[in-house]
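Novice: I would like the atomic coordinates for the input below:
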Amino acid sequence: MANEYGIEHAPGPWECTGESWWFTCYPFGGNKNNVPGAANVLDFHPGVNDKFDGGIGMIMVVRYSSTPVGPYDELLYIPGYYDTPHASSSRYRITNIYVSSKETTYNGRRNWNIPKHLAVFNFDKSETTGHTTITVAHPETPDNPFFVAVLKDIPVVSSIGVPLSTSLFPMNLEFHQPDIKAVDTPQGKANGETGTETWQSFRPWMGGKARFVKCVDMKNGNGDGTWPDKVDGVWGAVLRWDAGMKLKFPAGTELPKSNL
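Specialist: Okay, the predicted model is just below:
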């Protein structure tokens, strides 16, 4: 059934295909100081993201070629682990995310409490240098990106692709997402920025062929008005998942409402 703006609900589970770049933050030992602005103030209730437990964080760029709501691009931030009232140990949390489709904005928020917002993406590979440049900008300022990453192949290393899946990763990849607020403006409603009332948990899975490439340059600022211009702790080696990567998002499990 479509909402009042004609966006159809596509409930989980989702099975998707695409390609991805994983920028690992603090891969050795984990960060204990959360980055200011890691969560958009429009999405979460005050204090809900205060109890940060550190751990390995990630910034991910994904190009989906096939999903239940069609192809789209995505930039998401996972700073690390956060305390959750629904488990004895902390869990990962997606605190900020940008996508190129209002259909996935609405469904990501409704199905999994993933705080999606619309953005404009550009992917460009230079024939001269071989560098791939990824930019992400707000729709209102498409020529002024807030995220820029320049990537290049590493001689020999990048030619080696190996089968990989998140089932092999040593960390707990179960996410606990707090309920999120609706962006209560005409544009927010039209963009699918709906709200929810209860927490959700889910454990996604990714698999495919992956290889390492090098991050030549990265700038990240003004995503929600408070991100710093420089992201500390980002590892120069980027895990590149080749086209054909599979991603499975199970249906979310509803958890009791909490004032944490």
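Novice: May I ask you to name the longest strand in this protein?
Specialist: The residue-count maximum for a strand in the chain (DSSP state E) belongs to strand 205-220.
Novice: mind checking how far that strand is from the chain centre?
Specialist: 13 Å (C-alpha atoms, centre = their mean, to the nearest Å).
Novice: which non-adjacent residue is nearest the most centrally placed residue in the chain?
Specialist: Nearest to the geometric centre of the chain sits Leu76, at 2.0 Å (C-alpha atoms, centre = their mean). With sequence-adjacent residues excluded and distances taken as C-beta to C-beta, 6 or more residues apart in numbering, Leu76 is closest to Ile97, at 4.1 Å. Placement of C-beta: from N, CA and C, glycine included.
Novice: avg pLDDT for the helix or strand hosting the one you found?
Specialist: Assessed by DSSP states H and E, Ile97 sits inside strand 96-99. For strand 96-99, the mean pLDDT works out to 93.
Novice: same check, this time on stretch 58-73
Specialist: pLDDT averaged over stretch 58-73 gives 96.
Novice: which residues touch it?
Specialist: Outside stretch 58-73, the residues that touch it by C-beta atoms under 8 Å, 6 or more residues apart in numbering are 8, 10, 14-25, 74-78, 99-101, 103-104, 107, 121, 123, 134, 136, 149, 220, 231, 234, 243, 247.
Novice: Bridge partners for the closest residue to Asn113 other than its chain neighbours, pull those for me.
Specialist: Excluding its sequence neighbours, the residue lying closest to Asn113 (C-beta to C-beta, 6+ apart) is Gln177, at 3.6 Å. Beta bridges link Gln177 to Gln200 when assigned by DSSP bridges.
Novice: Check which helix or strand Leu76 maps to.
Specialist: strand 72-78.
Novice: ok so, going back, tell me which strands and helices the longest strand of the chain is in contact with?
Specialist: Under the contact criterion of 3 or more C-beta pairs under 8 Å, 6 or more residues apart in numbering; DSSP states H and E, strand 205-220 touches strand 14-25, strand 147-153, strand 162-165, strand 237-249.
Novice: Can you check which of those strands gets nearest to Asp83?
Specialist: In terms of C-beta to C-beta, the element of the helices and strands packed on strand 205-220 nearest to Asp83 is strand 14-25, at 19.0 Å.
Novice: ok, the next helix or strand after the closest one: who's next to it in the sheet?
Specialist: Sequence-wise, the next helix or strand downstream of strand 14-25 (DSSP H and E) is strand 52-54. Strand 52-54 has its sheet partners listed here by DSSP bridges as strand 81-82 (antiparallel).
Novice: helix or strand right after the strand it pairs with?
Specialist: Taking DSSP H and E, what comes next after strand 81-82 is strand 91-92.
Novice: Counting by contacts, list what that following strand packs against.
Specialist: Secondary elements touching strand 91-92 (3+ C-beta pairs under 8 Å, 6+ apart): strand 81-82, strand 175-177.
Novice: Could you tell me the least trusted of these?
Specialist: When I compare those, strand 81-82 is least confident, with a mean of 92.
Novice: now what about that one, what contacts it?
Specialist: Contact partners of strand 81-82, identified using C-beta under 8 Å, 6+ apart, comprise 49, 51-55, 90-93, 176.
Novice: so what's Pro170 up against?
Specialist: Pro170 touches nothing, counting by C-beta under 8 Å, 6+ apart.
Novice: quick one: it is in a helix?
Specialist: No - assessed with DSSP: H, G, I helix; E, B strand; the rest coil, Pro170 is coil; it does not lie in a helix.
Novice: bridging residues for the residue nearest to the centre of the chain?
Specialist: Leu76 forms beta bridges with Met60, Ile97, as assigned by DSSP bridges.
Novice: Thr104: neighbouring residues, count only.
Specialist: Counted with other C-beta atoms under 10 Å, residues neighbouring Thr104 total 29.
Novice: Sweet, I'm off.
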